[in-house]
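> next come a sequence and a model predicted from it.
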12 protein chains.
Amino acid sequence: MKDHVYKHIELTGTSAVSIEAAVTTAIKRAHKTIKKLSWFEVLETRGSIDKGKVLHWQVTIKVGFVVEG
Amino acid sequence: MKDHVYKHIELTGTSAVSIEAAVTTAIKRAHKTIKKLSWFEVLETRGSIDKGKVLHWQVTIKVGFVVEG
Amino acid sequence: MKDHVYKHIELTGTSAVSIEAAVTTAIKRAHKTIKKLSWFEVLETRGSIDKGKVLHWQVTIKVGFVVEG
Amino acid sequence: MKDHVYKHIELTGTSAVSIEAAVTTAIKRAHKTIKKLSWFEVLETRGSIDKGKVLHWQVTIKVGFVVEG
Amino acid sequence: MKDHVYKHIELTGTSAVSIEAAVTTAIKRAHKTIKKLSWFEVLETRGSIDKGKVLHWQVTIKVGFVVEG
Amino acid sequence: MKDHVYKHIELTGTSAVSIEAAVTTAIKRAHKTIKKLSWFEVLETRGSIDKGKVLHWQVTIKVGFVVEG
Amino acid sequence: MKDHVYKHIELTGTSAVSIEAAVTTAIKRAHKTIKKLSWFEVLETRGSIDKGKVLHWQVTIKVGFVVEG
Amino acid sequence: MKDHVYKHIELTGTSAVSIEAAVTTAIKRAHKTIKKLSWFEVLETRGSIDKGKVLHWQVTIKVGFVVEG
Amino acid sequence: MKDHVYKHIELTGTSAVSIEAAVTTAIKRAHKTIKKLSWFEVLETRGSIDKGKVLHWQVTIKVGFVVEG
Amino acid sequence: MKDHVYKHIELTGTSAVSIEAAVTTAIKRAHKTIKKLSWFEVLETRGSIDKGKVLHWQVTIKVGFVVEG
Amino acid sequence: MKDHVYKHIELTGTSAVSIEAAVTTAIKRAHKTIKKLSWFEVLETRGSIDKGKVLHWQVTIKVGFVVEG
Amino acid sequence: MKDHVYKHIELTGTSAVSIEAAVTTAIKRAHKTIKKLSWFEVLETRGSIDKGKVLHWQVTIKVGFVVEG
């Protein structure tokens, strides 16, 4: 079995709707330039508040992808 | 640009529905007495279980707000 | 008031839908063999990605239950 | 089942006798102004030393209580 | 010298009296089914409060024991 | 020697000048309402950037003070 | 794609030779009773010393395996 | 309100003068290639010593910036 | 007010009786060679078990003392 | 002495042989595009298991290198 | 290239002026007895407060130096 | 059973060969002046890189030994 190298980058995605949607925002954007994204890990979940309501969920993730040989 | 001071308090909100709803429960209640809430950070996500089902999501957040001069 | 002993186990549940559903997957399965599950805590939220989309949410929880006398 | 909101505050209690007594010092004082204290968690155990003896145990706890609707 | 394998389990013991008694509660119960317990480590010290008094000390420990060949 | 109880609060002070000045901003403001502040601990040092320059140092501190009997 | 549940257990393996061998000791033993081990993570690397030499490497790992439906 | 994606990178800046100057060194250099830097967080403060004096402050920061659509 | 320098050392004290006694064991011994011990912080509480009973409490502390000019 | 800026990236290297070989896999690959790699730090050591044997060591490292003026 | 051994000690320096000056206080004192100090890392930044002003910055550092053969 | 006191010191050993050899370098050196070393724990694994190769493994350990009565 061949050895592999993966690279990890850290992104924050935002969404007015949910934590899952904020993660999806970040992954969808990263996919535009990096095709081989294979996993993510949630590092931090924050948000902005306006008049007692959550304005934006801000979820920071670490995303990993294979680095080609 | 003027210097500011922010205070942070720690709250746990609960909800039978979702993590997002538990956060909203806490923020809505805090907003009754503190009008300038501006951000939050999720510190801990726990829950109670009854007969193999999640009874309540219990999400602990740190909430920040501006302290007036 | 009687003293109690609780045991904690660590599980990862997966779901294509949401973080909450992944937690529920793990708790439902554990409930088949352990009837007294009483609380959980989310330890880690990860996921697998395929073609720029979240394929599976993988949520690791610690679950606690009473150990009978 | 109704949703709840809990607030957490951080206190340090001291005692010349024991860790348990230092925790009790802090809780007893907090109870004077907050009647609904329901749980605590030990965050840090420190102490001052004088002539090779523990002068005071200083135990920092986080205490939680229900915030009325 | 022979190689060994140890397993660790996580338990919470409770006591109305002290932290040490809560640890003992957990170890005594575990000893009923696992004879070779050899060490423990305190992971968390919490408690429940009633009317400004500690009702129960709740101490979570990790306990290790040799796994027979 | 009498037992004491200390309370800790968490604040963020900002300054365009330095980390020390941001801490001072927070302490000076807290002193307006709490006279017995006795110590602080830096929890987090962040800042905002504008056009490649630090616009504001944002330093989060935990501040402790004696709670009167 | 079907949802899965994984369980994690914590083990310490020892070896007089190397860190890798200590991990292998733990996994080989666990494999005797759990056939579906699929991954591990090193949590802690310790050792005992005798006369200025490492007597045993003691490596604690978390091991994960699929829980059958 | 539109959703955003932020990327974070980790840099260490050095300075013979102060912690603030070391942070500035890193931000100024990053600004040459990334125009939209918006915030930073100090992760680690270290330094090299020569003949009992601090030769260089080495401050590691995480810097965040908006990723264009 | 004069500037000071403190040194910290890490010790583990043991006791068959209690956590407090284990801390005292360590401090009493350190006091034999270092007269100016002024504070300590509990880093870790562990113990050895024999036949389902705590044989020894092993408490690791960091101890600080003034370094003379 | 001139001020410097270093950048850190996070990589995972794999190897069927050892932890050291997995680190080397990652560094060798990074060296193809970044010539000035100067240090690394191990962040996480994991692995995949097949039939009770370690199939691949997966070691995550942070690698630092000088950013040219 | 020869193998080396470094030892690390933990010190707290104080200063009425700044964080940098508190670090310098500690390093200058350590240099009196240990000539080969080569690096430090800031572990904790605290301070004492008097009448709403920072009386002393108290910075704890880990200092490393080569241990001669 | 008699109470004991252990002291812990922190060392970094280096080796061009392996992590295990770097640990051994540190322990062998410490043994020259402290005969009763009894255990160690790996705190950090780092290394220096030259031309895409690991020049030195740098492993930081905490070593414990009995302090004579």
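In hand now; what should we look at?
> shaky segments in chain A?
The model of chain A has pLDDT under 70 over residues A:1.
> show me what from it comes close to chain J.
Contact residues, chain A versus chain J (CB under 8 Å from any CB of the partner chain): A:1, A:3, A:4, A:5, A:6, A:7, A:8, A:9, A:62, A:64, A:67, A:69. C-betas here are computed from N, CA, C, even on glycine.
> apply 6 Å and report the result again.
Residues of chain A lying close to chain J by CB under 6 Å from any CB of the partner chain are A:3, A:4, A:5, A:6, A:7, A:8.
> now the helices for chain A?
Using DSSP state H, the helices of chain A run over residues A:19-31.
> quick check, the residue in it closest to chain L?
residue A:5 (12.8 Å; CB to the nearest CB).
> how far away is that residue from residue J:31?
11 Å (CB to CB, to the nearest Å).
> please apply the same query to residue A:61.
For residue A:61, the distance to residue J:31 equals 28 Å [CB to CB].
> and residue A:67, by the same measure?
For residue A:67 relative to residue J:31 (CB to CB), the value is 12 Å.
> about what we covered before: and residue A:5 and residue J:31? which has more neighbours close in?
Counted by other CB atoms under 10 Å in any protein chain shown, residue A:5 and residue J:31 do not tie: residue A:5 has more neighbours, with 20 against 17.
> can you tell me which residues contact that one?
Neighbour list for residue A:5: A:67, J:11, J:13, J:26, J:29 [criterion: CB atoms under 6 Å, 6 or more residues apart in numbering or on different chains].
> one more time with 7 Å
A:67, J:11, J:12, J:13, J:25, J:26, J:29 (CB atoms under 7 Å, 6 or more residues apart in numbering or on different chains).
> how many other residues sit next to the fifth one?
Think residue J:25. 22.
> next to chain H, which bits of chain A? Give me the list.
Within chain A, the positions near chain H by CB under 7 Å from any CB of the partner chain are A:9-16, A:25-26, A:29, A:55-56.
> 10 Å - rerun?
A:9-17, A:21-22, A:24-30, A:32-33, A:43, A:48, A:50, A:55-58, A:60, A:62 (CB under 10 Å from any CB of the partner chain).
> report the buried members of these.
A:9-16, A:21-22, A:24-30, A:48, A:56-58, A:60, A:62 (16 or more other CB atoms under 10 Å in any protein chain shown).
> where do the strands sit along chain A?
With DSSP state E, the ranges of strands along chain A come out as A:5-15, A:37-50, A:53-66.
> quick one, what contacts residue A:8?
Residue A:8 makes contact with A:39-41, A:61-65, J:9-12, J:43, J:60, J:62, according to CB atoms under 10 Å, 6 or more residues apart in numbering or on different chains.
> at 8 Å what do you get?
A:62, A:63, A:64, J:10, J:11, J:12, J:60 (CB atoms under 8 Å, 6 or more residues apart in numbering or on different chains).
> correct me if wrong: the fourth one contacts residue J:44.
No: contact between residue J:10 and residue J:44 fails when scored by CB atoms under 8 Å: they sit 9.6 Å apart.
> which residue, other than its chain neighbours, is closest to the residue of chain A found nearest chain C?
Per CB to the nearest CB, residue A:31 is where chain A lies closest to chain C, at 2.9 Å. Excluding the flanking residues, the one nearest residue A:31 by CB to CB, 6 or more residues apart in numbering or on different chains is residue C:52, at 2.9 Å.
> next up, phi/psi of the one you found, please.
Main-chain torsions, residue C:52, degrees, to the nearest 10: phi 80, psi 10.
> show me what residue A:48 is bridged to.
Under DSSP bridges, the beta-bridge partners of residue A:48 are residue A:56, residue B:39.
> who's in contact with it?
Applying CB under 8 Å, 6+ apart, the residues contacting residue A:48 are A:54, A:55, A:56, A:58, B:38, B:39.
> now for residue A:67, how many residues are close by?
Neighbours around residue A:67, by other CB under 10 Å: 18.
> list the contacts for the residue nearest to residue A:31?
A:27, A:28, A:30, A:31, A:35, A:37.
> correct me if wrong: the last one contacts residue A:26.
No: the pair residue A:37 / residue A:26 is not scored as a contact, 10.1 Å apart, by CB under 8 Å.
> tell me, what's touching those two both at once?
Counting by CB under 8 Å, 6+ apart, the residues touching both residue A:37 and residue A:26 are residue A:63.
> wait, what's in contact with the nearest residue in space to residue A:49 that is not next to it in sequence?
What sits nearest to residue A:49 in space, not counting adjacent residues and going by CB to CB, 6+ apart, is residue B:37, at 4.6 Å. With contact set as CB under 8 Å, 6+ apart, residue B:37 has these partners: A:49, A:52, B:27, B:30, B:31, B:63, B:64, B:65.
> and with 7 Å instead?
Per CB under 7 Å, 6+ apart, neighbours of residue B:37: A:49, A:52, B:27, B:30, B:31, B:63, B:65.
> swap in residue A:26?
So residue A:26 contacts A:11, A:12, A:13, A:61, H:5 (CB under 7 Å, 6+ apart).
> for it, which non-adjacent residue is closest in space?
Closest to residue A:26 by CB to CB, 6+ apart is residue A:13, at 2.9 Å.
> pretty sure the one you found contacts residue A:25?
Yes: assessed by CB atoms under 7 Å, residue A:13 is found in contact with residue A:25 at 3.6 Å.
> excluding chain neighbours, what is closest to residue A:8?
Nearest non-adjacent residue to residue A:8 (CB to CB, 6+ apart): residue J:10, at 4.3 Å.
> go on, residue A:42?
residue C:45 (4.0 Å).
> now for the one you found, how many residues are close by?
25.
> and it, how far from chain E?
Residue C:45 sits 20 Å away from chain E, going by CB to the nearest CB, to the nearest Å.
> can you pull the contacts of that residue?
Here residue C:45 is in contact with A:42, C:19, C:59 (CB under 7 Å, 6+ apart).
> pull the contacting residues for residue A:49.
Contacts of residue A:49 by CB under 7 Å, 6+ apart are A:55, B:27, B:37, B:38, B:39, B:40.
> run a quick neighbour tally on residue A:51.
Counted by other CB under 10 Å, the residues lying close to residue A:51 total 9.
> distance of residue A:65 from chain K?
Separation of residue A:65 from chain K (CB to the nearest CB) stands at 32 Å.
> if I pick that residue, what's in contact with it?
So residue A:65 contacts A:6, A:7, A:34, A:36, A:37, A:38 (CB under 7 Å, 6+ apart).
> among these, name the buried ones.
Buried among those by 16+ other CB under 10 Å: A:6, A:7, A:37.
> specify the beta-bridge partners of the second one.
Partner residues in beta bridges with residue A:7: residue A:65, residue J:11, with DSSP bridges as the criterion.
> list the residues that contact it.
A:65, A:67, J:9, J:11.
> so which pair among the contacts of residue A:65 is furthest apart in space?
Spatial extent of the contacts of residue A:65 (CB to CB) is set by the pair A:6 and A:34 at 11.6 Å.
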